[in-house]
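Engineer: What would the 3D arrangement of this be:
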Amino acid sequence: MSSEAVCVLGATGSIGLSTLDVCAQHPEKFSIFALSAHSDWRALLKLCLVHKPKYAVISSEQVRADAVEAFKNASTDTELLFGADALTFIASHNEVDIVMAAIVGAAGLSSSFAAAQSGKKLLLANKESLVLAGSLLMNAVRESNGVLLPIDSEHNAIFQCLPHNYACGNKPGSEVTQILLTASGGPFRSFNRHQLELVTPEQACTHPNWSMGRKISVDSASLMNKGLELIEACWLFDVSSADIEVVVHPQSIVHSMVRYGDGSVLAQMGEPDMRTPISYGLSWPHRIEFGVKPLDLTEI
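Structural biologist: Okay, the predicted model is just below:
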């Protein structure tokens, strides 16, 4: 069986690096076809020398001269491209099987949409794409017969707890009565008003459980991230906000839950490591090992 070609959008960020880590542990299953970064050409070049993709894309034109010179001197066979059009080119390339959409913020929308329109297996870590254009993105997935798998740990957990034949964008069915979306509460969960007035940016960027990029860490500290995730869940699972309950769970062990009409509640649990939902998305509908510490309930 040949390996699947992976395009990692936002390769130099936290999700991108974790994706490459998982792929590197299974070279027989995954090959890196393309990588992208916004402006950090140094980090991107290092990744290209290790993973040897066919294409590398830098979205910022401002670093073109330095990046071109560095890639030329490195004697890499990777073809270097620039700009937003290059992002959509690699995301929709006919040789690509899997697209990890990990560009932060609204900048990730066009490439996520290109992957969806092209019928790719889209691993969506860019929740802003759904917040901004949920209807358009989900329609594109359906019309192209593509697959969308959420990579946010909570939404990935919900997907795993839904019936085995469930596909994102469809209603879960009458047997599902509620989605329980967990929230850690962030680093300031127990702070009083006076303490909140004194917090620093570095404190906001230090999550107690997760290793994440700065934007999502700040969003988590303010709980804005949970608001975005609620909207994301509505589009992914075709439910209303009334069907979702946000539950504060500071330990981030239970990643989310689904309540069924017979009184059962199914939960997906695991150590707070983003490689778990990433590996699930990459290998779906199967599972692969990648070295994460298994959850030990006796230690909780």
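Engineer: contacts and neighbour counts: CA atoms only from here.
Structural biologist: Fine.
Engineer: which ones are touching the residue positioned nearest the centre of the chain?
Structural biologist: Residue closest to the mean C-alpha point of the chain, counted by CA atoms, centre = their mean, is Ala125 at 2.0 Å. Listed by CA atoms under 8 Å, 6 or more residues apart in numbering, the contact partners of Ala125 are 15, 100-103, 150-152.
Engineer: Please work out which residues outside the helix or strand Ala157 falls within touch it.
Structural biologist: Counting by DSSP states H and E, the element that carries Ala157 is helix 153-161. With contacts defined as CA under 8 Å, 6+ apart, helix 153-161 is touched by 149-150, 166, 168, 179, 181-182, 233, 255-258, 266-269, 274, 277.
Engineer: Give me the buried subset of those.
Structural biologist: 149-150, 168, 179, 181-182, 233, 255-258, 266-269, 274, 277 (16 or more other CA atoms under 10 Å).
Engineer: which residues touch the biggest helix by length in the chain?
Structural biologist: Under DSSP state H, the helix in the chain containing the largest number of residues is helix 127-144. Helix 127-144 has contacts (CA under 8 Å, 6+ apart) with 104-106, 108-109, 112-113, 116-119, 147-148, 152, 169, 228-229, 231-232, 235-236.
Engineer: Now, those residues that are in helices?
Structural biologist: 109, 112-113, 116-117, 228-229, 231-232, 235-236.
Engineer: which of the residues in stretch 237-256 are buried?
Structural biologist: Applying 16+ other CA under 10 Å to stretch 237-256 flags 237-239, 244, 246, 250, 252-256 as buried.
Engineer: one step back: mind listing which of the contacts of helix 153-161 are in strands?
Structural biologist: 149-150, 179, 181-182, 255-258, 266-269 (DSSP state E).
Engineer: Please, where are all the strands along this structure?
Structural biologist: 4-9, 30-37, 55-58, 79-82, 98-101, 121-124, 147-150, 176-183, 244-248, 254-260, 265-269.
Engineer: Let me know which of these is the nearest to Phe191.
Structural biologist: Checking the strands of the chain against Phe191 by CA to CA gives strand 244-248 as the closest, at 14.9 Å.
Engineer: Pull up the pairing partners for the closest one, direction included.
Structural biologist: Strand 244-248 has the following sheet partners, assigned by DSSP bridges: strand 176-183 (parallel).
Engineer: tilt between the strand it pairs with and strand 265-269?
Structural biologist: 30 degrees (axes from the mean of the first three to the mean of the last three CA atoms, to 10 degrees).
Engineer: C-alpha coordinates for strand 176-183, PDB please?
Structural biologist: What follows is strand 176-183, C-alpha atoms only, in PDB (Å, rounded to 0.1, in the frame of the first residue of the first chain):
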ATOM      1  CA  VAL A 176     -28.100  12.000  20.400                       C
ATOM      2  CA  THR A 177     -29.700  14.400  22.800                       C
ATOM      3  CA  GLN A 178     -26.800  16.800  23.800                       C
ATOM      4  CA  ILE A 179     -23.200  17.600  23.100                       C
ATOM      5  CA  LEU A 180     -21.100  18.400  26.200                       C
ATOM      6  CA  LEU A 181     -18.200  20.700  25.100                       C
ATOM      7  CA  THR A 182     -15.400  20.800  27.800                       C
ATOM      8  CA  ALA A 183     -13.400  23.900  28.700                       C
END
